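**Q** predicted coordinates and the sequence they were generated for:
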Amino acid sequence: KNEVEQSPQNLTAQEGEFITINCSYSVGISALHWLQQHPGGGIVSLFMLSSGKKKHGRLIATINIQEKHSSLHITASHPRDSAVYICAVPTGNQFYFGTGTSLTVIP
Amino acid sequence: DVKVTQSSRYLVKRTGEKVFLECVQDMDHENMFWYRQDPGLGLRLIYFSYDVKMKEKGDIPEGYSVSREKKERFSLILESASTNQTSMYLCASRSGQNDNEQFFGPGTRLTVL
């Protein structure tokens, strides 16, 4: 059983499209993280959120704690957004991770 | 700026060899983690450490051991490498507990022949 489920696993979009990646979790949390991993690269944190919505440039993350669901949106997608996006929930010392969504944005 | 460094980006070893993967962080973080990342399986926790000389098994500790002699350094050891340990290995560190962000190293892609 996965504590964190992400969808879709793979996503291909045309440049300029609006993209949504979803994350559902079964554990009780107070915050959720969205991470980005470029090909061959390390992992960087995009957002940490515990309620409502956060925006950073063209990226928007939302969370509904009651429904145990979060979404990551990318507006006006660009080829440089091509990466793996991972949601992660902290529990005590550890994190539970989704399996990631591999996004490819075609020019 | 937090920096987590790993000793190698790419490593090729033979079956049965002993392999050391080193991780160093420069922000005085208490917690350090070793993960492996495989296609379709995501990040899986091998071991973590919440203090010097302290370690806890993660989800997949079999075939691995760790060492944390100093706060800034966390080593992952494969006593006798096997082909099923071919993977991307990622180290991370975090301050305290709860919701604090994890900072990741660049990863080591290990191939065991």
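**A** Happy to help now that I have it. Numbers count the residues shown, from 1 in each chain, chains lettered A, B, ... in the order given.
**Q** where along the chain do the strands fall?
**A** Unless you meant another one, I'm taking chain A. Along chain A, counting by DSSP state E, strands occupy A:4-7, A:10-14, A:19-25, A:32-37, A:43-49, A:52-56, A:59-64, A:69-74, A:83-91, A:94-97, A:101-106.
**Q** the chain in question should be chain B.
**A** Using DSSP E, the strands of chain B run over B:4-6, B:10-13, B:19-25, B:31-38, B:42-51, B:54-57, B:65-70, B:73-78, B:87-94, B:103-104, B:108-112.
**Q** the longest one vs chain A: in contact?
**A** This points to strand B:42-51. Yes - using C-beta under 8 Å from any C-beta of the partner chain, strand B:42-51 reaches chain A at B:42, B:43, B:45, B:48, B:50. From N, CA and C alone the C-beta is placed, and that goes for glycine too.
**Q** by pLDDT, give me the weakest of the residues you listed.
**A** For those, the weakest pLDDT value sits at residue B:42, with 87.
**Q** just to revisit the earlier point, how about the strands of chain B, which one is nearest residue A:67?
**A** Nearest to residue A:67 among the strands of chain B is strand B:42-51; the distance by C-beta to C-beta comes to 22.2 Å.
**Q** quick one: strands adjacent to that closest one?
**A** With DSSP bridges as the test, strand B:42-51 is paired with strand B:31-38 (antiparallel), strand B:54-57 (antiparallel).
**Q** export those strands as TSV, with columns for mean neighbour count and mean pLDDT.
**A** Output for these, formatted as TSV (neighbours: other C-beta atoms under 10 Å in any protein chain shown; pLDDT from 0 to 100):
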stretch	mean neighbour count	mean pLDDT
strand B:31-38	23	95
strand B:54-57	14	94
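**Q** so what's residue B:98 scoring on pLDDT?
**A** 61.
**Q** so in terms of bridging, what pairs with the residue nearest in space to the middle of chain B?
**A** Against the mean C-alpha coordinate of chain B, by C-alpha atoms, centre = their mean, the closest residue is residue B:34 at 2.7 Å. On the basis of DSSP bridges, residue B:34 is bridged to residue B:47, residue B:91.
**Q** from what I can see it touches residue B:46, true?
**A** Yes - using C-beta atoms under 8 Å, residue B:34 is in contact with residue B:46, at 4.5 Å.
**Q** can you work out which residues contact both of those two?
**A** B:58, B:64, B:66, B:76 (C-beta atoms under 8 Å, 6 or more residues apart in numbering or on different chains).
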